[in-house]
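> Below is the sequence, then the predicted model.
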Amino acid sequence: MVACVAIALTAPLIADGTEDGAANVVVRGRTVYREQCVSCHGVQGDGRGEAAASLSPLPQNFTTGVYKFRSTMSGQLPTDDDLFRTITIGIAGTAMDRYAALPEQDRRALVAYLKSLSPRFAREEAGQPIAFPASRPLTPESVARGRAVYERMQCAVCHGDGARGDGPLAADLSDTDGLPIRPADLTRPQLKGGRAPESVFRSVMAGLDGTPMPSYGDSLIPDEAWDLALYIFSLSAREGK
Amino acid sequence: MTRLRVVHKAVLMMILGVVMTEPARAYEVDLSAGKTTVRGQITLRGPAPPAERVTVLRDSAFCGEAVTNESLLVDRSSNGVAVVVVSLEGVTAGKPLPDERRLALENRACRFSPRVKAVPAGSQLEINNADPVLHNTHIRKSDATFLNVALPPGGKTIRKPLADPGRLDVRCDAHRFMQATIHVFAHPYFAVTDQAGKFELTQVPPGTYRLRVWHEILGMQERTVTVPAQGQAIANMELQAPN
Ligand SMILES: [Cu+2]
């Protein structure tokens, strides 16, 4: 066993498609994590770093394998690309910065390390990414169709009729840790999961695990969700931002 | 290749200090294994508290101003507790799993129906909403999200396989009083108590096992049961009433 570990640690630090390569990527990811992430997310990856107490929302706990921003169905693990995307673009309006300046290889290594922090990634396969429909342009018609979907799916119960995050249920929601959580104000220039129609489509279809935001992937066909995403995208455009 | 991958994952986990738990031994069907019936009654020790009334904050025009939390149902004559999930843990071979592999979970009148259910692994969960209000079905398994799906009025039935054993806690974020629990078993030795708190597990092979009982309010408890090769074994249990 000791010999195994020693071999793993001395093999070259590249993702060469072999198991030794994979192990070394994780070790590299740990080094990057300790430099960049540990102050908020903690040594154990449980979101309890030194700076965590002063932050709202609290930093992500990586040990449960539950991620908000995914392209996969609710309850499924995120894909590597999902984790890579969040590291790269950050989470708007929170203390989670964008790390696009880190070398891509280091961001990939971080993904591998984050996955090692939850035993679920060894047990379960990641879900299949929800497929995007053929892209449709932002037109008054698509926005109107999207508004109809917004009403039919009763998004206003949480997000409010004007989509400002002030629906009748807004003050009464909590996340799965029991902490109060507000629905997003969808008219803001930035959204946590991203403002682009692709990002909104993903959040609508996949839901945001760990929060009350459910998945609509079983209730909407992709074209309907795309129209909804265009409607929500149009709200920030209308605000002139 | 597969073996190699497993070995390397184990090495990786050791490097990173992650503990891997050994999975329980898989259950096997052996039709000749068991002939004994295990019977019992789950009773309440102490007085049953009055049913809790919860004020409805949302959609009270449809759901009602208040709902009664009907999770503790006690038979007055025998103190038997209904809807207790009983299972025999540690049987490695015996009768096949039940044929019924479908669990319909309905949102009706701002309640989950059924509220507590035990099913074999491999069952298909089918969720629908019969109400004119928005519900969501938010299911967690220990600290992980199992499923969180929107159920708009008139929406589609949502299907999800229940592949693995374990307890699933079901909630609706729009109505906090809505609760359900699903128990998934990888073996057939489970039952839910009747109105008198009684249960029966048939074709149990001889051996010494843990009888595990779970109740939504009274919690989980275990005792040992020794099952003879023939005849029956009696396994009663008393659960403490909440103060
Ligand atoms: Cu509900």
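Yep, that arrived.
> which residue is nearest the middle of the chain?
Going with chain A. A:F69 (1.6 Å; Cα atoms, centre = their mean).
> not what I meant, chain B
B:H183 (2.3 Å).
> coming back round to it: return the per-residue confidence for the residue nearest to the centre of chain A.
On the pLDDT scale, A:F69 is placed at 95.
> still on that earlier bit, in terms of helices and strands, where is the residue nearest to the centre of chain B?
strand B:179-185 (DSSP states H and E).
> Can I get that strand in CSV? Just the C-alpha atoms.
These are the backbone C-alpha positions of strand B:179-185, laid out as CSV (Å, rounded to 0.1, in the frame of the first residue of the first chain):
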residue,chain,number,x,y,z
GLN,B,179,-44.3,15.4,4.5
ALA,B,180,-43.8,11.9,3.3
THR,B,181,-41.2,9.2,3.7
ILE,B,182,-40.3,6.4,1.4
HIS,B,183,-38.3,3.4,2.6
VAL,B,184,-36.5,1.4,-0.1
PHE,B,185,-35.3,-2.1,0.7
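> right, and the helix or strand after that strand?
Moving toward the C-terminus from strand B:179-185, the next element (DSSP H and E) is strand B:190-192.
> Just checking: what are the partner strands of that following strand?
strand B:85-89 (antiparallel) (DSSP bridges).
> ok, back up a step: packing partners for the strand holding B:H183?
Helices and strands touching strand B:179-185, by 3 or more Cβ pairs under 8 Å, 6 or more residues apart in numbering or on different chains; DSSP states H and E, are strand B:85-89, strand B:102-108, strand B:116-120, strand B:166-171. The C-beta positions use only the backbone N, C-alpha and C, and glycine is treated the same way.
> Same list (those strands) but as CSV, adding mean neighbour count.
Output for these, formatted as CSV (neighbours: other Cβ atoms under 10 Å in any protein chain shown):
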stretch, mean neighbour count
strand B:85-89, 23
strand B:102-108, 16
strand B:116-120, 21
strand B:166-171, 18
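> Compare those strands and give me the one nearest the ion.
strand B:102-108 (6.2 Å; Cβ to the ion).
> So stretch A:162-182, near the ion or not?
No - judged by Cβ under 5 Å from the ion, stretch A:162-182 makes no contact with the ion; its nearest approach is 10.1 Å.
> mind checking the end-to-end distance for that stretch?
15 Å (Cα to Cα, to the nearest Å).
> Got the confidence number for A:I14?
50.
> quick one on the thing from earlier: pretty sure the residue nearest to the centre of chain B contacts B:D169?
No - with contacts counted by Cβ atoms under 8 Å, B:H183 stays clear of B:D169, the gap being 10.5 Å.
> Could you find the closest non-adjacent residue to the residue nearest to the centre of chain B?
B:A118 (4.3 Å; Cβ to Cβ, 6 or more residues apart in numbering or on different chains).
> so what's the one you found scoring on pLDDT?
Confidence score, pLDDT, at B:A118: 98.
> how close does it sit to B:I139?
15 Å (Cβ to Cβ, to the nearest Å).
> go on, A:P119?
Counting by Cβ to Cβ, the gap from A:P119 to B:I139 is 20 Å.
> Same drill for these two, tell me which one is more crowded.
Between A:P119 and B:I139, counting by other Cβ atoms under 10 Å in any protein chain shown, B:I139 is the more crowded of the two (23 against 17).
> rewinding a little: mind checking which of the helices and strands packed on strand B:179-185 is nearest A:D218?
strand B:102-108 (13.7 Å; Cβ to Cβ).
> The closest one: partners in the sheet, and parallel or antiparallel?
Assessed with DSSP bridges, strand B:102-108 is paired to strand B:111-113 (antiparallel), strand B:123-129 (parallel).
> Name the residues of chain B found near the ion, please.
Residues of chain B lying near the ion (Cβ under 5 Å from the ion): B:H135, B:C172, B:A174, B:H175, B:M178.
> Next up, the contacts around the third one.
Which is B:A174. By Cβ atoms under 8 Å, 6 or more residues apart in numbering or on different chains, the residues touching B:A174 are A:V157, A:L169, A:P212, B:R58, B:D59, B:V133, B:L134, B:H135, B:N136.
> Lowest-confidence one in those residues?
Pick the lowest pLDDT in the contacts of B:A174 and you get B:R58, at 84.
> follow-up on the earlier one: tell me which of the contacts of B:A174 is nearest to A:Q44?
Scanning the contacts of B:A174 for proximity to A:Q44, where the rule is Cβ to Cβ, the winner is A:P212, at 26.8 Å.
> ok, how many other residues are close to the closest one?
Count around A:P212 with other Cβ under 10 Å applied: 22.
> Is it in contact with B:N136, as I believe?
Yes - the pair A:P212 and B:N136 passes the contact test of Cβ under 8 Å, sitting 6.9 Å apart.
> Overlap in contacts, these two.
Joint contacts of A:P212 and B:N136 (Cβ under 8 Å, 6+ apart) are B:N148, B:D173, B:A174.
> Can you convert the residues you listed into TSV and add a column each for pLDDT?
As requested, the shared contacts of A:P212 and B:N136 are arranged in TSV below (pLDDT from 0 to 100):
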residue	pLDDT
B:N148	97
B:D173	95
B:A174	93
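> Tell me the one of those nearest the ion?
Checking the shared contacts of A:P212 and B:N136 one by one against the ion (Cβ to the ion), the nearest turns out to be B:A174, at 4.4 Å.
> Shouldn't the closest one be within a helix?
No - counting by DSSP: H, G, I helix; E, B strand; the rest coil, B:A174 is located in no helix; its state is coil.
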